[in-house]
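Q: Turn this into a structure:
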Amino acid sequence: MTSPRLNPNLLSLPLYVAGKSVDEVKEELGLEQIIKLASNESPIGPSPRAVEAARAFLSHAHRYPGSLDRTLRRALARRLHPDLHEDQFVIGNGGTDILRLITQAFVFDGGNVVMGQATFPMYKIFTTMFNGEPRITPPCPDYRLDLEAMLAAIDEDTRLVFLCSPNNPTGHTISQQQAEYFMAHVPPQVVVVFDESYYEYVDDPDYAASLDFLLAGRNLLIVRSFSKVGGLANLRVGYLVGPPELARYIARAKLPFHTGDVSLAAALASLDDAEFIARQTQAVQEGRRYLREALTGLGLHCLPSQANFVTFVDPPQPAEALTAALLRRGFIVRAMAGFGMPNAVRVSVGSPAENTAFVAALAAVLAAPPCLRNCT
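A: So this is what the prediction gives:
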């Protein structure tokens, strides 16, 4: 049989490997109790208002989505700044879908995209998918994005620069001074993408105010998500805000009825539930502080995260072996080789009970003789 013609870009894609699910681990290892701290999910679940809103729209599941996309864009504009308009927003199926739409819109005939090495791997995947050249810059010695190196990588055919802040997987942020310097030196035709999926968890007062650059008229896109603080990872809702002409252009890449009303209704309800958002943020910030202090107390080098996870680097045993030993004890965490950090482990903030249990399990693994680490 004659083989069909295949897309070489798809064949060469470095596939994204998601963290193991609880059901997978139960089946593979025969364990009853599993604690998953691998995918940066909400430690307290979704807003009860969001659950009710989604449930109400399930009775309309036979209908195509209506006007909730526009309602959500209006609500976001009102929430973020009085000078923003609904036409500056694009709603997608999670922040990752928004990143795909952006890349598809600008990397259509080649060109290059600048990104860091130790960052979200979907930037590289999408650039490759759409026949672009990923320009990957190594991190600073402390694993922060090297903004100077990223500026040096830009040339006349650079379409996008991806800046993840807080960065996944390190949790580092870009400061206001760093952002001002970067935006002052990036060529005006290059679109800078601030991926801020974790921004609600930031308590650093020097966190870059990316919205100010947008309001000043720069070619800048801000990507945010309802998956994290909104607790809606399974319903897949994300958005971008940018200049109106760029937002309208990117929206042309969307499919008809792109995001369902069940998801949109939940996002709207979550956005309006200020008490829940405050509780979620507090839970993560307290859990993050506990994990960092506890892991540092075990002799591990933790990066100063501003997200809903803590990453430690260069543990006393290889990251893959360490995560495998923890998996056998019923704890799912992630080694970060796929994120450009070959000997690092990322731990999502869980509930207080989950965090405490994890620290105890990790302490036991680190204290075990090498033969027992590999066998228990």
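
Q: remind me, longest helix of the chain?
A: As assigned by DSSP state H, the longest helix anywhere in the chain is helix 274-297.

Q: Now do that one: which elements does it pack against?
A: strand 301-302, strand 309-313, helix 352-367 (3 or more C-beta pairs under 8 Å, 6 or more residues apart in numbering; DSSP states H and E). For glycine as for every other residue, the C-beta is placed from the backbone atoms N, C-alpha and C.

Q: Pick the most buried one from the ones you listed.
A: Greatest average neighbour count among the helices and strands packed on helix 274-297 goes to strand 309-313 (a mean of 25), per mean count of other C-beta atoms under 10 Å.

Q: rewinding a little: for the helices and strands packed on helix 274-297, which one sits closest to Val190?
A: strand 309-313 (28.8 Å; C-beta to C-beta).

Q: Now do that closest one: everything it contacts.
A: 40, 143, 168-171, 288, 291-292, 295, 300-303, 305, 336, 341, 343-349 (C-beta atoms under 8 Å, 6 or more residues apart in numbering).

Q: quick one, strands of the stretch 101-250 of the chain?
A: 112-116, 133-137, 158-164, 191-195, 220-225, 238-241 (DSSP state E, counting those that start in this stretch).

Q: could I get the helices and strands packed on helix 274-297 as JSON lines with mean pLDDT?
A: Output for the helices and strands packed on helix 274-297, formatted as JSON lines (pLDDT from 0 to 100):
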{"stretch": "strand 301-302", "mean pLDDT": "98"}
{"stretch": "strand 309-313", "mean pLDDT": "98"}
{"stretch": "helix 352-367", "mean pLDDT": "97"}
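
Q: follow-up on the earlier one: among the strands of the stretch 101-250 of the chain, which is nearest Leu362?
A: strand 158-164 (26.1 Å).

Q: what pairs with that closest one, and is each one parallel or antiparallel?
A: strand 112-116 (parallel), strand 191-195 (parallel) (DSSP bridges).

Q: So for the first one, mean pLDDT?
A: This points to strand 112-116. Here strand 112-116 scores 98 as its mean pLDDT.

Q: count of residues packed around Tyr123?
A: When neighbours are counted by other C-beta atoms under 10 Å, Tyr123 registers 24.

Q: about what we covered before: which of the contacts of strand 309-313 are buried? Put it as a PyMOL command.
A: To isolate the buried members of these in PyMOL, using 16 or more other C-beta atoms under 10 Å:
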select buried, resi 40+143+168+169+170+171+288+291+292+295+300+302+303+305+336+341+343+344+345+346+347+348+349
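
Q: rewinding a little: in JSON lines: the helices and strands packed on helix 274-297, plus distance to Gly110.
A: Shown next, in JSON lines, are the helices and strands packed on helix 274-297 (distance: least, C-beta to C-beta, whole Å):
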{"stretch": "strand 301-302", "distance to Gly110": "40"}
{"stretch": "strand 309-313", "distance to Gly110": "34"}
{"stretch": "helix 352-367", "distance to Gly110": "45"}
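
Q: Out of the ones you listed, which gets nearest to Pro82?
A: strand 309-313 (33.3 Å).

Q: got the angle for that closest one vs helix 352-367?
A: Counting by axes from the mean of the first three to the mean of the last three C-alpha atoms, to 10 degrees, strand 309-313 lies at 10 degrees to helix 352-367.

Q: residues in contact with Ser348?
A: Neighbouring residues of Ser348 by C-beta under 8 Å, 6+ apart: 36-41, 43, 308-309, 333.

Q: Take those residues and keep only those in strands.
A: 36, 309 (DSSP state E).

Q: Let me have the contacts of Ser348 in JSON lines, adding distance to Pro4 as columns.
A: Below are these laid out as JSON lines (distance: C-beta to C-beta, whole Å):
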{"residue": "Lys36", "distance to Pro4": "39"}
{"residue": "Leu37", "distance to Pro4": "42"}
{"residue": "Ala38", "distance to Pro4": "37"}
{"residue": "Ser39", "distance to Pro4": "35"}
{"residue": "Asn40", "distance to Pro4": "38"}
{"residue": "Glu41", "distance to Pro4": "38"}
{"residue": "Pro43", "distance to Pro4": "46"}
{"residue": "Asn308", "distance to Pro4": "43"}
{"residue": "Phe309", "distance to Pro4": "42"}
{"residue": "Val333", "distance to Pro4": "40"}
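
Q: Partner strands of whatever helix or strand Val347 lives in, with direction?
A: Using DSSP states H and E, Val347 sits in strand 344-348. Partner strands for strand 344-348, per DSSP bridges, with pairing direction: strand 309-313 (antiparallel), strand 334-335 (antiparallel).

Q: okay, the ones you listed in TSV with distance to Pro134 next?
A: Output for the strands paired with strand 344-348, formatted as TSV (distance: least, C-beta to C-beta, whole Å):
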stretch	distance to Pro134
strand 309-313	22
strand 334-335	22
